[in-house]
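*Asks:* got a structure for you, letters missing:
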């Protein structure tokens, strides 16, 4: 159970970290770069990105982090490491809110951009861009912050879990080093006396010498 809990926690943290890094990169690099480009370039680039990102490398950590987080919470609740449970619950809530932002805001905006068609033949690209860019950028920042906060909670949960495991191992090792009294079956423990005590007790147990024989008449 301990190894399963540790493995699930590591996999969950890695998945959340990948998502936090991805959306943060859009916030501080991709979208600021596209903001300086033409309408045609932004629309074409985002349409291509939205198609390319739907692959197993993205979907597995993005979708898989939710059941992994749920399993991590259950294992912490039922097993060892309850000290990490509040951080796991906080990470699960933050990740779910970020997931709802993506599915409720960013994905519909991506679909709206896709319906604009090929930018080489679409008209009014400035209007298409205006309806998409600012709102998408704002909510991407929101989900990037939520994912980063979830990742931070998981990192701290791993630290707390590891400290708990280390402390528990130390106590177990200390208990294993204490020797048990070696008494045979049916033999009561014998009190141990310091050296010389036995002869001291023997001196009290020895009879006192009686008076010698008197003079004969």
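*Replies:* Received, thanks. Nothing here was measured: the structure is a model prediction, and the numbers come from that model.

*Asks:* Only C-alpha atoms from now on, for both contacts and neighbour counts.
*Replies:* Noted.

*Asks:* how distant is the longest helix anywhere in the chain from the center of its chain?
*Replies:* Longest helix of the chain, by residue count under DSSP state H: helix 125-177. Here helix 125-177 is found 8 Å from its chain centre; the criterion is Cα atoms, centre = their mean, to the nearest Å.

*Asks:* so what does that helix touch, helix or strand wise?
*Replies:* Applying 3 or more Cα pairs under 8 Å, 6 or more residues apart in numbering; DSSP states H and E, one finds that helix 125-177 contacts helix 2-25, helix 39-52, helix 85-101, helix 107-114.

*Asks:* right, so of those helices, which gets closest to residue 148?
*Replies:* Of all these, helix 2-25 sits nearest to residue 148, with 5.0 Å by Cα to Cα.

*Asks:* What residues sit buried inside the closest one?
*Replies:* 5-6, 8-20, 23-24 (16 or more other Cα atoms under 10 Å).

*Asks:* before we move on, what about stretch 58-67?
*Replies:* In terms of neighbour count (16+ other Cα under 10 Å), stretch 58-67 has its buried residues at 58, 61-62, 65-66.

*Asks:* do the same with stretch 29-40
*Replies:* Across stretch 29-40, burial judged by 16+ other Cα under 10 Å covers 31, 34, 39-40.

*Asks:* and what of stretch 110-127?
*Replies:* Buried residues in stretch 110-127 (16+ other Cα under 10 Å): 110, 113-114, 116, 119, 125.
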